[in-house]
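Student: Sequence and computational prediction follow.
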Amino acid sequence: MANWCCNEVIFEGEYLLILQIKELFKIMAENEEKEQRGQLPDWVKADEGYFFDICWNVSDKLTYKTKYRPNIDRLAEIANEYDCHFECKYEELGDGRYGKATYIEGILEHIYLEAKDFAQFHFDENTDQYHFEGGTYESESDILEMMLERKIAGSINNNQNLPS
């Protein structure tokens with residue numbers, strides 16, 4: 001049985017094209033319900049990266065699941081097809097995956113936590129709390145988000161300091 005990676009995506013671009021993307025995912029969600037299997041757009045020629053449990057919520061955020069890891073390549077194909085960009089956040093904590101990908105004008109930036117990052121905090125079964133940098137947390141999600149934001153900030157700072 002697959003570990004499920006939870007994905008949240010926001011597409012941005014021309015209004016009418018975003019409506020077309022919404023319609024694409026509405027149709028894929030309907031097909032998934034009928035066929036009881038993951039979906040890809042008809043024009044995608046891949047045999048991996050299927051979308052499962054597709055839901056486009058009222059805040060214009062697409063949520064869905066994938067097997068084991070995010071399907072960032074499939075999202076890039078959709079963004080290219082509809083001339084838009086996206087931001088994707090994902091997590092599959094059983095396999096130590098947590099990250100964020102942005103795709104703007106054909107450029108993918110993918111920042112994620114690695115095993116060494118996950119090793120920086122631990123769960124205390126006796127207190128039912130997580131410990132990180134001297135602090136105590138009820139949930140690992142706060143820690144993971146903090147660590148990812150630090151990596152993103154470090155990436156931005158490193159890119160700004162590169163010689164031109």
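Tutor: Arrived safely, thanks for sending. Please read all numbers here as calculations on a predicted model, not as lab measurements. Residues are numbered from 1 along each chain as shown.
Student: any idea which element Ser141 lies in?
Tutor: Assigned by DSSP states H and E, Ser141 falls within helix 140-160.
Student: Going by neighbour count, list what's buried in that helix.
Tutor: For helix 140-160, a neighbour-count test (16 or more other Cβ atoms under 10 Å) marks Glu140, Ile143, Leu144, Met147, Leu148, Lys151 as buried. Backbone N, C-alpha and C define where each C-beta goes, glycine included.
Student: can you list those in TSV and add distance to Phe123 and pLDDT?
Tutor: Formatted as TSV, those follow (distance: Cβ to Cβ, whole Å; pLDDT from 0 to 100):
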residue	distance to Phe123	pLDDT
Glu140	7	95
Ile143	10	97
Leu144	13	97
Met147	15	97
Leu148	18	98
Lys151	21	95
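Student: which of these sit farthest apart?
Tutor: Spatial extent of these (Cβ to Cβ) is set by the pair Glu140 and Lys151 at 16.0 Å.
Student: Next up, identify which helix or strand Gly99 is on.
Tutor: If you go by DSSP H and E, Gly99 is part of strand 97-104.
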